[in-house]
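Enquirer: I'll drop the sequence and a predicted model, then ask my questions.
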Amino acid sequence: MQIAVITGGSSGIGAALARLLAERGWRCVLLARGREQLERVAKEVGGEAEPCDVGDRTQVEEVVDRVGERHPAVHLLVNNAGLTRRKGFLELPPEQIEEMVRTNYLGGVWCLLAFLPLLEAGRPSDIVNVVSVAGTVAHGSSGPYAAAKHAQLAFSRATTVELAPRGIRVHTVNPGPVETPGFPQRMLLERPLVRRVVLTPERVAEAVLRSVEHNRAEVIVPRFLRLAGAVQALAPASLARLVSRAGGRAGALPDRERRPR
């Protein structure tokens, strides 16, 4: 049986991916901070629940010890846990900036390092880092979130090279805004010109699965948002004005839902 570990597995993209993998015969180990909802999703997909804050390295290492006692190998790790704050660096309290970096960036680092022996035991195996279009663009109203996502994207790209000789493939999925009950995108959905960028968790989950099945190193969902990264590099001021008009201070491109970890 193939074993998948999914962080942020209690809702949103993580829960949608767990359902999709379970339909294909995978056994899912779900990580998230909220125990009650996590256990409910795990029961639904016939999986396992491991309450954990991925930003806490000790907690991650303890989870890996428990998972290793039940499973000698892991075949897929999905670093999906994340949170967002729709405020800039001058507005967001320092402790919330630190929390965002720990969860969105360091959480994936701690999970990779801790699960690496199990991933090597399951090779050829895969890691998917669910990053964001915010990893390729940035503007003031979501600066701390975008900065953490830029770090996560660099981490994902770097480990793609590092882990290839070990028989572990790394994939990056960069979605635009995702509509979930816990983080609605009402402002974007009310704007006809930008509503196309709003995704469902199920669509992102399908993109994650395709990235593994077709060995795609990096994908952006929807694909036309690739242009955003190119425009940011070539004309950053122009993109900032465009994003400001499209989404205001809520941010049209960088923000994604907060998912329990």
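Expert: Cool, got the structure. Residues are numbered from 1 along each chain as shown.
Enquirer: quick one: strands adjacent to the host helix or strand of Val5?
Expert: Under the criterion of DSSP states H and E, Val5 resides in strand 3-7. Take DSSP bridges as the rule and strand 3-7 pairs in its sheet with strand 27-32 (parallel), strand 76-79 (parallel).
Enquirer: all helices of the stretch 101-250 of the chain, in order?
Expert: Using DSSP state H, counting those that start in this stretch, the helices of the stretch 101-250 of the chain run over 107-121, 143-163, 186-189, 201-213, 226-234, 236-247.
Enquirer: quick one: list the elements packing against the next helix or strand after the strand holding Val5.
Expert: Counting by DSSP H and E, the next helix or strand C-terminal to strand 3-7 is helix 12-23. Judged by 3 or more CB pairs under 8 Å, 6 or more residues apart in numbering; DSSP states H and E, the packing partners of helix 12-23 are strand 3-7, strand 27-32, helix 35-45, strand 76-79, helix 201-213. C-beta: built from backbone N, CA, C; applies to glycine.
Enquirer: swap in 10 Å and give it another go.
Expert: Applying 3 or more CB pairs under 10 Å, 6 or more residues apart in numbering; DSSP states H and E, we find helix 12-23 packed against strand 3-7, strand 27-32, helix 35-45, strand 76-79, strand 125-130, helix 201-213.
Enquirer: distance from the chain centre to the fifth one, please.
Expert: Relative to the centre of its chain, strand 125-130 is centred 10 Å away, using CA atoms, centre = their mean, to the nearest Å.
Enquirer: any idea of the mean pLDDT for it?
Expert: The average pLDDT within strand 125-130 is 98.
Enquirer: again with the first one
Expert: pLDDT averaged over strand 3-7 equals 98, rounded to a whole number.
Enquirer: angle of that strand against strand 125-130?
Expert: Counting by axes from the mean of the first three to the mean of the last three CA atoms, to 10 degrees, strand 3-7 lies at 20 degrees to strand 125-130.
Enquirer: any chance of the strands paired with strand 3-7 in a markdown table with mean neighbour count and distance to Ile6 as columns?
Expert: Listed next are these as a markdown table, based on neighbours: other CB atoms under 10 Å; distance: least, CB to CB, whole Å:
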| stretch | mean neighbour count | distance to Ile6 |
| --- | --- | --- |
| strand 27-32 | 26 | 5 |
| strand 76-79 | 28 | 5 |
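Enquirer: which stretch among those comes nearest Thr159?
Expert: Closest approach to Thr159 among these is made by strand 76-79 (10.4 Å; CB to CB).
Enquirer: so, low pLDDT: which residues of this structure?
Expert: Residue ranges of the chain with pLDDT under 70: 139-140, 180-196, 228-229, 231-233, 235-261.
Enquirer: Arg102 touches Asp53, doesn't it?
Expert: Yes. Arg102 lies in contact with Asp53 (CB atoms under 10 Å); the separation is 8.5 Å.
Enquirer: now do Val137 against Val198, distance only.
Expert: 16 Å (CB to CB, to the nearest Å).
Enquirer: compare these two (neighbour count), which wins?
Expert: Neighbours per residue, other CB atoms under 10 Å: of Val137 and Val198, the larger number sits with Val137, 26 against 20.
Enquirer: could you check how far the more buried one is from Ile220?
Expert: 11 Å.
Enquirer: also Leu113?
Expert: For Leu113, the distance to Ile220 - CB to CB - is 27 Å.
Enquirer: more neighbours: these two, which one.
Expert: The residue with more neighbours, out of Leu113 and Ile220, is Ile220; 22 against 13, by other CB under 10 Å.
Enquirer: what pairs with that one across the strands?
Expert: Here Ile220 sits in beta bridges with Asn174, as judged by DSSP bridges.
Enquirer: quick one, what contacts it?
Expert: Ile220 sits next to 131-133, 135-136, 172-176, 207, 226-229 when contact means CB atoms under 10 Å, 6 or more residues apart in numbering.
Enquirer: generate a ChimeraX selection restricted to the buried subset of these.
Expert: Remark: buried members of those, expressed as a ChimeraX selection using 16 or more other CB atoms under 10 Å:
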select :131,132,133,135,136,172,173,174,175,176,207,228,229
